[in-house]
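Predicted model, plus sequence, below.
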Amino acid sequence: MKEGFVVFHKVRDVPMKKKAYASEIKPFTPVHVKPQRSKIPSKTRVSKLYARIKNLERQQKAIPQYRGSFKPRPVSEKRLFKQDKKPV
């Protein structure tokens, strides 16, 4: 390094060194794992979920249920047209 240049040579075969500890086979020991606790949701989360369920139930009840797939005519259509005739 004092001279200021470095020379690299390409080598075809590099001898592999055997490692001393490769011959020793240790038995497998699994990693210690903590048992998982069952998580209890907070009271706030439970109350929010309960309120959401109640709101969904109210929305379902607010939608009118009709027999079959027929729906009554809208009010604007009832005012404009007679019962017998419908616009084309």
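That came in fine, so what should we check first?

For burial, what's the neighbour tally of P64?
Applying other C-beta atoms under 10 Å, we find 7 residues neighbouring P64. C-beta: built from backbone N, CA, C; applies to glycine.

Quick one: residues contacting it.
By C-beta atoms under 8 Å, 6 or more residues apart in numbering, the contact set of P64 is empty.

Assign a three-state SS to it, would you?
At P64 the chain is in coil, as set by DSSP: H, G, I helix; E, B strand; the rest coil.

Could you check the pLDDT of it?
P64 is assigned a pLDDT of 76 by the prediction.

V46 sits in which helix or strand?
Secondary structure from DSSP states H and E places V46 in helix 43-62.

Need the CA coordinates for that helix. CSV is fine.
Output of helix 43-62 as CSV, limited to C-alpha atoms (Å, rounded to 0.1, in the frame of the first residue of the first chain):
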residue,chain,number,x,y,z
LYS,A,43,-65.7,-2.6,27.2
THR,A,44,-65.5,0.3,24.8
ARG,A,45,-65.0,-1.9,21.8
VAL,A,46,-67.8,-4.3,22.9
SER,A,47,-70.2,-1.3,23.3
LYS,A,48,-69.3,0.1,19.8
LEU,A,49,-69.8,-3.3,18.2
TYR,A,50,-73.1,-3.8,20.0
ALA,A,51,-74.3,-0.3,18.9
ARG,A,52,-73.3,-1.1,15.3
ILE,A,53,-75.3,-4.4,15.4
LYS,A,54,-78.3,-2.5,16.7
ASN,A,55,-78.1,0.1,14.0
LEU,A,56,-77.9,-2.5,11.3
GLU,A,57,-81.0,-4.2,12.8
ARG,A,58,-82.9,-0.9,12.8
GLN,A,59,-81.9,-0.3,9.2
GLN,A,60,-83.2,-3.7,8.2
LYS,A,61,-86.5,-3.1,9.9
ALA,A,62,-86.9,0.4,8.3
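
what's the following helix or strand after that helix?
Next helix or strand after helix 43-62 toward the C-terminus (DSSP H and E): helix 75-80.

model confidence over that next one, on average?
For helix 75-80, mean pLDDT is 79.

which stretches of the chain aren't confidently modelled?
Filtered on pLDDT under 70, the chain yields the residue ranges 1, 18-24, 68-69, 82-88.
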